[in-house]
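Student: Following is a predicted model, sequence given first.
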Amino acid sequence: MSLGEVEAPRDDIEAFVARLRAAGVAATLHVAYDVPHDPALSAALHQEGKAAFDALVAFPGAR
């Protein structure tokens, strides 16, 4: 999962990822700094958005 540093539901997203991990689900969390929401959508506009997009794309192959 990815989230922006100032994402409104950031705490909820972090708690969800923690619950996934506790249940044995392989879950990663990428925090994109200086990005307000859905960082992968800003991949063409912001370096952190590009990093979030790359992390999402790489996850299936990393397993």
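Tutor: Thanks, I have the structure now. Residues are numbered from 1 along each chain as shown.
Student: ok so Ala55 is a strand residue?
Tutor: No. Counting by DSSP: H, G, I helix; E, B strand; the rest coil, Ala55 is located in no strand; its state is helix.
Student: That one touches Leu29, doesn't it?
Tutor: No. Assessed by CB atoms under 8 Å, Ala55 is found out of contact with Leu29, at 9.2 Å. Glycine gets a C-beta too; all of them are placed from N, C-alpha and C.
Student: if you count what's nearby, which of the two comes out ahead?
Tutor: Ala55 (18 against 15; other CB atoms under 10 Å).
Student: okay, the more buried one: pLDDT?
Tutor: With respect to pLDDT, Ala55 scores 80.
Student: Against Val31, how distant is it?
Tutor: 10 Å (CB to CB, to the nearest Å).
Student: what's the overlap in contacts for these two?
Tutor: Ser2 (CB atoms under 8 Å, 6 or more residues apart in numbering).
Student: This protein: helices as residue ranges?
Tutor: For the chain, the helices defined by DSSP state H cover 10-22, 47-62.
Student: who does the first one touch, helix- and strand-wise?
Tutor: Contacts of helix 10-22 with other secondary structure elements, assessed using 3 or more CB pairs under 8 Å, 6 or more residues apart in numbering; DSSP states H and E, are made with strand 2-4.
Student: And the strand it packs on, what does it pack against?
Tutor: helix 10-22, strand 30-32, helix 47-62.
Student: List the neighbouring strands of the shortest one plus their orientation.
Tutor: Pointing back at strand 30-32 there. strand 2-4 (parallel) (DSSP bridges).
Student: Check what contacts the partner strand and list those residues.
Tutor: 10, 13-14, 29-32, 35-40, 52, 55-56.
Student: Please check the residues you listed and keep the buried ones.
Tutor: Among the contacts of strand 2-4, those classed as buried by neighbour count (16 or more other CB atoms under 10 Å) are 13, 30-32, 35, 39-40, 52, 55-56.
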